[in-house]
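Chemist: no FASTA, just this:
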């Protein structure tokens, strides 16, 4: 179903559509339209129809989208119709916030392990039911468990080294919170959380 | 210069272009091309040229973009050729991480104040040179200082209430870390940090 030729920029919008559908479903809604989704998301309805058309026919002219059906399809397209283990590296303030974050539930992810290099943190509980592990064991643990996804929440000057270790151990997808651009081989996907970029998006609209 | 008709989705890419230009400049580069930017960012060169064309003529056919010139222009377009004060609400793990975050420097923002409702936290130092303030004083402080931008880093069940307070006090732009969709009046812009959406973008490419 997933056409490899779909532009990455389109792929990046699918989770936003999925999130909106999930909210509508929670409101007991059954049908929506590209117009309604677009109004909620600040994206044109034409763009939404074009984006979704890469993956099949989901709506009928005049009747709109079946919310549950489209949600199910988007989950399958994004491969979140299953649960993914995520490795978290860094147990500072941000790592603690992420280990306790409630926004992963129901969206396909769980933090499976947390690593840090600080001896004072290793062995301490974190999140609901995890214990901070020694980053020295990170590569072996990733290989043993076959983990594919990692979140980097270490200081900027350590992030590239952590990324190198993760990639060598088999990680294929990284969500990076450190304010640097990671260099990774082409088979590895990286997304960056960049709050300054979001703030700049907002200040465009301020005088 | 800022054409109000520019699609929001285009505006959202400008900070990403700006970030890439800043990295290139740090590498002592002077000229780049839509092709090089596109390769770095996973966006087609045609898209980049089209996005930038909303704001003027920045490159010449065959000679590419002057990095410093384009960077300066993007900063002006995004209104980050100045420094913005940002109010941070929530001094939990995430709030502490944000107050100490080094990724705002040089990008137009500084955390000007941090608020929390926990009496045990109020008055305690946070970040480099701030003291946690009582959220009961939030509205008055926002009005007094004329702050326009806020970051919400409180638990999901408190985020809407905080947003209401901020908006009533005059905040016009909110970066929301809580995993809920905030309801705000149409004059107020909201961006959401949604790590699960980024992870879903990544899992699209995992089998």
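Modeler: It's in. Keep in mind the model is a prediction, meaning the values are calculated, not measured. Numbers count the residues shown, from 1 in each chain, chains lettered A, B, ... in the order given.
Chemist: What is whichever strand or helix holds residue A:96 packed up against?
Modeler: Element membership of residue A:96 [criterion: DSSP states H and E] is helix A:93-99. On a contact count with 3 or more Cβ pairs under 8 Å, 6 or more residues apart in numbering or on different chains; DSSP states H and E, helix A:93-99 meets strand A:84-89, strand A:109-116, strand A:125-126, helix B:93-99. (Glycine included, C-beta is placed from N, CA and C.)
Chemist: Phi, psi for the most far-flung residue of chain A relative to its centre please.
Modeler: For chain A, the residue at maximal distance from the C-alpha centroid (Cα atoms, centre = their mean) is residue A:62, at 32.8 Å. Here is the backbone geometry of residue A:62 (degrees, to the nearest 10): phi 90, psi -20.
Chemist: Then residue A:59?
Modeler: Dihedral angles (degrees, to the nearest 10) for residue A:59: phi -130, psi 160.
Chemist: hang on, the earlier thing: how about the helices and strands packed on helix A:93-99, which one is nearest residue A:194?
Modeler: With Cβ to Cβ, the closest approach to residue A:194 among the helices and strands packed on helix A:93-99 belongs to helix B:93-99: 12.8 Å.
Chemist: what's next to the closest one, contact-wise?
Modeler: Under the contact criterion Cβ atoms under 8 Å, 6 or more residues apart in numbering or on different chains, helix B:93-99 has outside partners A:92-94, A:96-97, A:100, A:195, B:88-89, B:91, B:111, B:114, B:116, B:126-128, B:130, B:151, B:153, B:177.
Chemist: same deal with stretch A:128-146?
Modeler: Contacts to stretch A:128-146, defined as Cβ under 8 Å, 6+ apart, come from residues A:85, A:87, A:89, A:91, A:99-100, A:111-117, A:121-126, A:147, A:150, A:162, A:165-166, A:168-171.
Chemist: SS state for residue A:150?
Modeler: Secondary structure state of residue A:150, per DSSP: H, G, I helix; E, B strand; the rest coil, is strand.
Chemist: Are any of the contacts of helix B:93-99 buried, and if so which?
Modeler: Buried positions within the contacts of helix B:93-99, assessed by neighbour count (16 or more other Cβ atoms under 10 Å in any protein chain shown), are A:92-94, A:96-97, A:195, B:88-89, B:91, B:111, B:114, B:116, B:126-127, B:130, B:151, B:153, B:177.
Chemist: if we look at the worst-scoring helix or strand of chain A on mean pLDDT, which residues are touching it?
Modeler: Scoring the helices and strands of chain A by mean pLDDT, DSSP states H and E places strand A:59-60 at the bottom, with a mean of 74. Outside of strand A:59-60, the residues within contact range by Cβ under 8 Å, 6+ apart are A:33-34, A:49, A:52, A:65, A:70.
Chemist: Let's see that with 7 Å instead.
Modeler: A:34, A:65 (Cβ atoms under 7 Å, 6 or more residues apart in numbering or on different chains).
Chemist: Kindly report the same for stretch A:179-199.
Modeler: Outside stretch A:179-199, the residues that reach it (Cβ under 7 Å, 6+ apart) are A:156, A:159-160, A:163, A:167, A:172-177, B:15-16, B:19, B:23, B:86, B:102-104, B:107, B:109, B:149, B:175, B:191, B:193, B:195, B:198, B:201-202, B:205.
Chemist: Give me the buried positions along it.
Modeler: Result for stretch A:179-199 [16+ other Cβ under 10 Å]: buried residues A:179-182, A:184, A:188-199.
Chemist: Give me the residue at the spatial middle of chain A.
Modeler: For chain A, residue A:175 is the residue whose C-alpha lies nearest the centre (Cα atoms, centre = their mean; 7.1 Å).
Chemist: Where does it sit: helix, strand or coil?
Modeler: strand.
Chemist: Please name the bridge partners of the closest residue to it other than its chain neighbours.
Modeler: Nearest in space to residue A:175, with sequence neighbours left out and distances taken as Cβ to Cβ, 6 or more residues apart in numbering or on different chains, is residue A:151 at 4.7 Å. As for beta bridges, residue A:151 partners with residue A:88, residue A:175 under DSSP bridges.
Chemist: Verify the stated contact: residue A:151 with residue A:171.
Modeler: No. Using Cβ atoms under 7 Å as the test, residue A:151 is too far from residue A:171 to be in contact (10.3 Å).
Chemist: Run through the residues that contact the residue nearest to residue A:175.
Modeler: A:86, A:88, A:98, A:175, A:177.
Chemist: and the contacts of stretch A:128-146, which are buried?
Modeler: So, by 16+ other Cβ under 10 Å, the buried ones in those are A:87, A:89, A:91, A:99, A:111-117, A:121-122, A:126, A:147, A:150, A:162, A:165-166, A:169, A:171.
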